[in-house]
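> Could you look at this predicted model? Sequence included:
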Amino acid sequence: MARFLRPLLRGTTYTRLLHLWVPMLIVSVWLFVSPETPYAPALALIPVALIPAVRMGEGVQARLLLTPGDRDSGISEAPSATWRDRGRTLLWLEARMALGWVVAPATVWGPLLSVALVGLAMGHVPDDVPVLSSAQPHWGYALLAPLPLIAFYGLVVGLGELATLLARKLLGPSRAEQLAALEERTEQLLERNRIARELHDSIGHALTVAVVQAGAARAAGDPEFTERALGAIEETGRAALEDLERVLGVLREAERPVSGRPTLVDADRLLESARASGAKVDAEVTGPLETVSGPVSREGYRILQEALTNVLRHAGSVPVRVRIRVADDTLDLEVRNPLTAAIPGPGQGSGLRGIRERAALLGGRAHTGPDEGDWQVHAELPLG
């Protein structure tokens, strides 16, 4: 019983009834003006449905009245973009009017019948209800009085559910809108992953340089070396702060351009930072780096940064060979250093995984792992 009466306590039941009643307000005015043509409002809906903004207005109404408070209602609020959208809008308008034709008389006759039955039970024959005008008064009609109200209640709840179902079907997102929403969601996920990699690469590199420099300065006990180490830590820290501001800017402003992010043209900053940390870096750059497209150059910079960070973190002050070559529509980037200890397998480590993910997103490939007695990071990125 409580479950049966629960819809009476929900505001949605009454907002849906209001939604079904709204078209009948217009129909009522028309019937007052021209009762001989009750079908005219249904015909007038045909040109109305062709207006793109009508679908948006119907979507807003449906979300507010049929699914109030539901964030994922499945009802679109976008205007019609295709003839298919206009056709679905027309079907919805006609269905909404048809449901209104059902619920409007029930709203009047349900309570009226209940009152008439109560009157018959009390000895009064109703003149305004034709089906009961010839009935004989009897107390038993009082037992029937709730039935019209119960039927009206069930009709309102049922038609409300049906209207909501039709709204989701006919006013739901079109295929183009679904595709756009999916692409937007994919872009958001990719952006979140990119931000995570940016933070890992930039901050991880800075912390690694700072730790290595501080450890070397403490072990050396040389004031001059300590001064140089502090300078390198300060420079690396400033660069990391700049990168952090760029990443946080992406979080603050969704449309913030990425053109301010470092590219391979700024690779000297990474190489000098690694040299200041004790690594013996032998760098060779072949080809015009400035002609490399922004996305490829930015991701190449991060790959180089992560590769140098791994060298400093796991190998320390060892010779490092860096080869960057731009040729044949490919950016070829290689970082090699001697193996000094047991190295984890190529599948371990979020930094190495990030290198492979960056290369894959650009349609390239990356190999990380032991190679001929060295540890190698080798990435091939298509320039197209």
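Everything's here; your move. Numbers count the residues shown, from 1 in each chain.
> Could you tell me how many residues sit around residue 381?
Residues lying near residue 381 (other C-beta atoms under 10 Å) number 26. Heads up, the C-betas are built off the backbone N, CA and C, glycines and all.
> you'd agree residue 48 is up against residue 54?
Yes. The pair residue 48 / residue 54 is scored as a contact, 5.8 Å apart, by C-beta atoms under 8 Å.
> what sits in contact with each of those two?
Common neighbours of residue 48 and residue 54 are listed as residue 93 (criterion: C-beta atoms under 8 Å, 6 or more residues apart in numbering).
> tell me the contacts of residue 34?
residue 40 are the contacts of residue 34 under C-beta under 8 Å, 6+ apart.
> next one: the one 10 residues further on
Residues in contact with residue 44 (C-beta under 8 Å, 6+ apart): none are found.
> Compare neighbour counts for residue 48 and residue 54 and give me the winner.
A direct count of neighbours by other C-beta under 10 Å for residue 48 and residue 54 places residue 54 higher, at 20 against 12.
> did I read that right, that one in a helix?
Yes. According to DSSP: H, G, I helix; E, B strand; the rest coil, residue 54 belongs to a helix.
> does it really touch residue 47, like I thought?
No. If you go by C-beta under 8 Å, residue 54 and residue 47 don't touch, sitting 10.0 Å apart.
> Just the pLDDT for the residue lying closest to residue 124 once chain neighbours are set aside.
Leaving aside its sequence neighbours, residue 124 sits nearest to residue 137 (C-beta to C-beta, 6 or more residues apart in numbering; 7.1 Å). Confidence at residue 137, expressed as pLDDT, is 84.
> ok, residue 137 touching residue 122?
Yes. Contact criterion C-beta under 8 Å: residue 137 and residue 122 qualify, at 7.5 Å.
> just to revisit the earlier point, I'd assumed the residue nearest to residue 124 was in a helix, is it?
No. Assigned with three-state DSSP, residue 137 falls outside any helix and is coil.
> Just want to check the distance between it and residue 129.
As for residue 137, its distance to residue 129 is 13 Å (criterion: C-beta to C-beta, to the nearest Å).
> okay, the two: which has more neighbours?
residue 129 (17 against 13).
> show me what contacts that one?
For residue 129, the contact set (C-beta under 8 Å, 6+ apart) comprises 112-113, 116.
> Identify the residues contacting stretch 8-15?
Under the criterion C-beta under 8 Å, 6+ apart, residues 7, 64-68, 153, 156-157, 160 lie in contact with stretch 8-15.
> Recalculate using a threshold of 7 Å.
Around stretch 8-15, the neighbours that count as contacts under C-beta atoms under 7 Å, 6 or more residues apart in numbering are 7, 65, 68, 156-157, 160.
> List the buried residues of stretch 7-17.
For stretch 7-17, the neighbour count (16 or more other C-beta atoms under 10 Å) marks 7, 12-13, 15-17 as buried.
> Is it possible to get JSON lines of those that adds distance to residue 325 and pLDDT?
JSON lines is the format used below for these (distance: C-beta to C-beta, whole Å; pLDDT from 0 to 100):
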{"residue": "7", "distance to residue 325": "71", "pLDDT": "83"}
{"residue": "12", "distance to residue 325": "65", "pLDDT": "90"}
{"residue": "13", "distance to residue 325": "70", "pLDDT": "90"}
{"residue": "15", "distance to residue 325": "66", "pLDDT": "92"}
{"residue": "16", "distance to residue 325": "67", "pLDDT": "91"}
{"residue": "17", "distance to residue 325": "72", "pLDDT": "91"}
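> Beyond the helix or strand of the chain with the lowest mean pLDDT, next helix or strand please.
Ranked by mean pLDDT, DSSP states H and E, the weakest helix or strand in the chain is helix 175-220, scoring a mean of 70. With elements assigned by DSSP states H and E, the helix or strand that comes after helix 175-220 is helix 223-252.
> So residue 375, which state does it fall into?
On the basis of three-state DSSP, residue 375 is classed as strand.
> Check residue 332 too.
Using three-state DSSP, the structure places residue 332 in strand.
> Tell me who's in contact with it.
By C-beta under 7 Å, 6+ apart, the residues touching residue 332 are 325, 380.
> quick one: it from residue 324, how far?
Distance of residue 332 to residue 324, given as C-beta to C-beta: 7 Å.
> Same check on residue 122?
From residue 122 to residue 324 the distance is 99 Å (C-beta to C-beta).
> what about the chain, any weak spots by pLDDT?
Within the chain, the stretches with pLDDT under 70 are 1, 176, 179-191, 193-194, 197-198, 201-202, 246-260, 341-350, 384.
> mind listing the strands for the stretch 251-384 of the chain?
For the stretch 251-384 of the chain, the strands defined by DSSP state E, counting those that start in this stretch cover 280-286, 319-327, 330-338, 365-371, 374-382.
> How many residues are close by the residue nearest to residue 279 when sequence neighbours are not counted?
Distances taken as C-beta to C-beta, 6+ apart place residue 320 nearest to residue 279, at 5.1 Å, with adjacent residues excluded. Counted with other C-beta under 10 Å, residues neighbouring residue 320 total 24.
> Correct me if wrong: residue 320 contacts residue 340.
No. With contact defined as C-beta atoms under 7 Å, residue 320 does not reach residue 340; the gap is 12.0 Å.
> Can you pull the domain assignment for this structure?
Per automatic domain parsing, the structural domains of the chain span 2-173, 185-382.
> neighbours of the closest residue to residue 240 other than its chain neighbours, just the number please.
Excluding its sequence neighbours, the residue lying closest to residue 240 (C-beta to C-beta, 6+ apart) is residue 206, at 3.4 Å. The tally of other residues near residue 206 (other C-beta under 10 Å) stands at 23.
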